[in-house]
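**Student:** Return a 3D structure for these sequence lines:
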Amino acid sequence: MPFLGEVFSSEIIRKTVLDPRGEELGKVKDFVIVKGDPLPRVSALIIERKKRFFYLSWSDLNIFNKKIISSKAYRDSLQPYEFREDDLLIVRDILDKQIVDANGAKVVRVNDIKLEGYNEDAVLIAVDVGMRGILRRLGIERGSDEFLSVFKTTLPFTLISWNYIQPLRPKLNAITLTVPRQMLSELHPADIADIISQVSREEGAHLFKDLDIETAAEALSELKPEMQADIINAMDTEKAADIIEEMPPDDAADILSDLPTEKAKELLENIEKEDAEDIQELLGHEEDTAGGLMTNEYIAFPPAMTVLEASEKFKIEARDVENVFYIYVVDKDEKLIGVTSLREMFLAEPDCLLADIMETNLKTASPGDDEMDAAEIISKYNLLALPVVDDEGYMHGIITVDDIIDILLPTSARRKRRNA
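**Tutor:** Reported below is the predicted structural model:
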C-alpha cells in the first residue's frame, strides 16, 4: 500500500522521487487524475528531470506520503510524458481555477487539493479555497499558525468536499468547477447573476442552461445587457423562447432589443402570440423614454365593478403580474379615468363601486416623455407606479418605482437592493 493518511498537493509538488536504490528519479511536477469510485483518484505522477518529463504510474510507487516518495521503477524504465489535453492534471487544470461556492453564493479559487488514502489509492477528497491553502503553497502555514497563536487566534480551514464538485463541461481538461446545478438553482436569482458575472461567458452559459425556466428568467433579469444577449444567443431557440416568455414583457423587450434582428424575430415567432404582441408593442418605443421604460402588465377594471367583484378578479389576474400597486379604472374604450390603491379597495365596503373610491386627479406620463421626467413625477408625488397615457387618454402601461431605481442606481447597488 503506497499511501496512508492525508496530504495536500502543495506538500508533494516539487518533492523528490527516489528509485529502489534511493537515487533521485526526478521531482513531482503534476498528478494525473482519473475517474474513481467513489472519488477521483491519482493514476500517475508526472516527474520532471533536467527539463524532461516522465510518466510514473501509481502502481509503480512503493511509498507515498509527505515525508518520502519512493518508486519500484528505475530511471531507465520511466516512459517520457508529453502533456495532453485529454489528461486531467491537478496543477495544470484544477489549482487556481474557479469554483462556485453555493453556500457563500460566490466564485472562489482553488488554492490547494486535499488527498487521502482509500484502499490502495490516493483520492481527491476536497479543495482548499481559503488563506491556509495559499500559505501552505508558500511554505509558511506552520509559521503563520505560530504567529497567530500569540494573539490567541487561528486561521480557519476552508475546504469544499469533492462530493459537491463536478466538472462544468463534459471534457475534463482546463475545467472550471462548480457545485451541482440543483444547489445553484436554490440560490436567489441575484446571487446566481453575481456568480455568472464572475466567470467567463462560455462558463456562464453552461451554468445558465441547466436552470429551470422560472429561475433562469429571474436570474437573466439581473444580468448586464451584454451578458443577457450572449446567453440567449448561446441557447437553443426553444428554451430561449420559453425563458423570454416567462419574463415580464418590459424586461423581455430590453433583451430582444439588444439581439440581432433575425434572432429577435426568431424568438418572437416561438413565443405565445399574446406575449409576443405585448413585447412588440414595447419594442416600438425609444429606450430612454417613458414608453421604453414602462411595462404593459397592469390590472385595470371598469368603474361599475363592485369592490367584491374586483377583489375576486384581482386574485386571478394578479398571479401573472410582477408588480401590483394600484388598480386602474378604465372606461369601455380602455381610456384611463381613475386609480385606486389596493389598500383603499380592500378597506372599502364589498358592494361599493370602484367609481366611488377611485382617485381622478391623475398623475401620468406620455409614452414619448423622457424617462427622467417620469422619475421626477414618481419622486415628487411619492408614487409606487406611474401610468403611461397617450394624448387621447388611452393607457399603454405603467412605470414602477423599481424601474426608476434601476435607472438611477449603479448595477452593484441595484443588485444589493434586490437581494435585501
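
**Student:** Surely residue 197 touches residue 226?
**Tutor:** No. Residue 197 is beyond contact range of residue 226, at 10.8 Å (criterion: CB atoms under 8 Å). C-betas here are computed from N, CA, C, even on glycine.

**Student:** Looking at the two, which is more packed in?
**Tutor:** Neighbours were tallied for residue 197 and for residue 226 using other CB atoms under 10 Å; the higher tally belongs to residue 197 (15 against 10).

**Student:** tell me which element the more buried one falls in.
**Tutor:** Residue 197 belongs to helix 189-198 when elements are defined using DSSP states H and E.

**Student:** Only the buried residues of the following helix or strand past that helix, if you could.
**Tutor:** Beyond helix 189-198 in the direction of the C-terminus, DSSP H and E gives the next helix or strand as helix 201-209. The neighbour-count check on helix 201-209 (16 or more other CB atoms under 10 Å) flags 203-208 as buried.

**Student:** got it, and stretch 326-346?
**Tutor:** Within stretch 326-346, the residues that count as buried by 16+ other CB under 10 Å are 326-330, 336-340, 342, 344-345.

**Student:** and if you look at stretch 55-68?
**Tutor:** Buried residues in stretch 55-68, counting neighbours by 16+ other CB under 10 Å, are found at 55-56, 58, 61, 64-65.

**Student:** circling back to that earlier point, and the two most separated of the buried residues of stretch 326-346?
**Tutor:** Farthest apart among the buried residues of stretch 326-346 by CB to CB are 337 and 342. That separation is 18.3 Å.

**Student:** can you pull out the helices in the stretch 251-400 of the chain?
**Tutor:** Listed in chain order, the helices of the stretch 251-400 of the chain (DSSP state H, counting those that start in this stretch) span residues 261-269, 273-283, 290-293, 307-317, 342-347, 354-357, 371-380.

**Student:** swap in the stretch 51-200 of the chain?
**Tutor:** If you assign secondary structure with DSSP H, counting those that start in this stretch, the helices in the stretch 51-200 of the chain sit at 131-138, 141-150, 181-185, 189-198.

**Student:** looking at it, residue 365 is touching residue 377, isn't it?
**Tutor:** Yes. Taking contacts as CB under 8 Å, residue 365 lies within contact range of residue 377: 6.4 Å.

**Student:** Mind listing what's buried along stretch 278-298?
**Tutor:** Buried-residue list, stretch 278-298, by 16+ other CB under 10 Å: 278-279, 281-283, 285, 289-298.

**Student:** swap that for stretch 186-196, sorry
**Tutor:** Neighbour counts over stretch 186-196 (16+ other CB under 10 Å) mark 187-196 as buried.

**Student:** do stretch 367-374 as well
**Tutor:** Across stretch 367-374, burial judged by 16+ other CB under 10 Å covers 367, 369, 371, 374.

**Student:** and the lengthiest strand in the chain, how far from the chain's centre?
**Tutor:** Determined from DSSP state E, the single longest strand within the chain is strand 24-34. Chain-centre distance of strand 24-34: 36 Å, with CA atoms, centre = their mean, to the nearest Å.

**Student:** now the angle from the helix or strand following that strand to strand 24-34?
**Tutor:** In the C-terminal direction, the helix or strand that comes right after strand 24-34 (DSSP H and E) is strand 41-49. Orientation note: strand 41-49 sits at an angle of 150 degrees relative to strand 24-34 (axes from the mean of the first three to the mean of the last three CA atoms, to 10 degrees).

**Student:** Convert strand 41-49 to CSV, retaining C-alpha atoms only.
**Tutor:** Extracted as CSV, the C-alpha positions of strand 41-49 are listed here (Å, rounded to 0.1, in the frame of the first residue of the first chain):
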residue,chain,number,x,y,z
ARG,A,41,-8.0,9.1,-7.9
VAL,A,42,-4.4,9.7,-8.8
SER,A,43,-3.4,7.4,-11.6
ALA,A,44,0.2,8.6,-12.1
LEU,A,45,2.8,11.2,-11.2
ILE,A,46,4.4,13.4,-13.8
ILE,A,47,8.1,13.6,-12.9
GLU,A,48,10.5,16.3,-14.1
ARG,A,49,14.2,15.7,-14.5
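
**Student:** now for it, which elements pack on it?
**Tutor:** With contacts defined as 3 or more CB pairs under 8 Å, 6 or more residues apart in numbering; DSSP states H and E, the secondary structure elements packing on strand 41-49 are strand 24-34, strand 52-57, strand 121-128.

**Student:** make it 10 Å
**Tutor:** Counting contacts by 3 or more CB pairs under 10 Å, 6 or more residues apart in numbering; DSSP states H and E, strand 41-49 packs against strand 16-18, strand 24-34, strand 52-57, strand 61-64, strand 69-71, strand 88-89, strand 112-118, strand 121-128.

**Student:** Pipe those strands into CSV and attach mean pLDDT per row.
**Tutor:** What follows is these, written out as CSV (pLDDT from 0 to 100):
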stretch, mean pLDDT
strand 16-18, 95
strand 24-34, 94
strand 52-57, 95
strand 61-64, 91
strand 69-71, 93
strand 88-89, 88
strand 112-118, 91
strand 121-128, 90
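
**Student:** what about those strands, which gets the closest to residue 216?
**Tutor:** Minimum separation from residue 216 across the helices and strands packed on strand 41-49 (CB to CB) falls at strand 121-128, 27.2 Å.

**Student:** How far does that closest one sit from its chain's centre?
**Tutor:** The chain centroid and the centroid of strand 121-128 are separated by 26 Å under CA atoms, centre = their mean.
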